[in-house]
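1. Whatever this is, show me its structure:
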Amino acid sequence: MKVLLDTHTLIWATVNPNRLSRAAAAAISDTATEILVSAVSAWEIATKVRLGKMPDSEALERRFLEAIDDAGYILLSIDAATALRAARLVGNRRDPFDRILAAHAIALDIPIVSQDAKLDLFPLRRIW
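-> Presented below is the predicted three-dimensional model:
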């Protein structure tokens, strides 16, 4: 199985795993699960650290690529097709980070591991 981690799920899996739900922890810890992380998570973490909104994520932001590699996660790029798909998604969810994550999950037909029920506005599967 493949799953995509939402940004907060990535942070919790890396920094504070006891914040994960049982289903999320099970999906992430299953060695048969291929875990994908979007480049938009790097952008979101770096932006929010810079703005002072995620001081607990400064270490993750500094070593983002290394942390992804150490965890064995697969990094997804944001290409023009993904950007267009995200912009064309119907729904009021304005958050550009969520739209990119949703576009990835929909295109790859994989669930997103996220606590955020607002993602249910999009035609995707969510694990939490």
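
2. For this protein, which segments count as helices?
-> Listed in chain order, the helices of the chain (DSSP state H) span 7-15, 22-29, 39-50, 58-62, 64-71, 80-88, 96-108.

3. Can you add mean neighbour count and distance to Arg126 and give those helices back as CSV?
-> In this view, the C-beta of every residue, glycine as well, is placed from N, C-alpha and C. CSV is the format used below for the helices of the chain (neighbours: other C-beta atoms under 10 Å; distance: least, C-beta to C-beta, whole Å):
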stretch, mean neighbour count, distance to Arg126
helix 7-15, 21, 10
helix 22-29, 15, 10
helix 39-50, 19, 16
helix 58-62, 15, 23
helix 64-71, 14, 21
helix 80-88, 14, 17
helix 96-108, 21, 8
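
4. Reformat these as CSV; add distance to Leu119 and mean pLDDT.
-> Shown next, in CSV, are those (distance: least, C-beta to C-beta, whole Å; pLDDT from 0 to 100):
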stretch, distance to Leu119, mean pLDDT
helix 7-15, 11, 96
helix 22-29, 13, 97
helix 39-50, 13, 97
helix 58-62, 21, 96
helix 64-71, 21, 97
helix 80-88, 12, 96
helix 96-108, 6, 97
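
5. Not counting sequence-adjacent ones, nearest residue to Arg85?
-> Nearest residue to Arg85 in three dimensions, chain neighbours excluded: Ala103, at 4.0 Å (C-beta to C-beta, 6 or more residues apart in numbering).

6. Verify the contact between the one you found and Leu89 for me.
-> Yes: look at Ala103 against Leu89 with C-beta atoms under 8 Å: they come within range, at 6.6 Å.

7. so what's the residue nearest to Arg85 up against?
-> For Ala103, the contacting residues are 82-83, 85-86, 89, by C-beta atoms under 8 Å, 6 or more residues apart in numbering.

8. gap between it and Ile28?
-> 22 Å (C-beta to C-beta, to the nearest Å).

9. Done for today, thanks.
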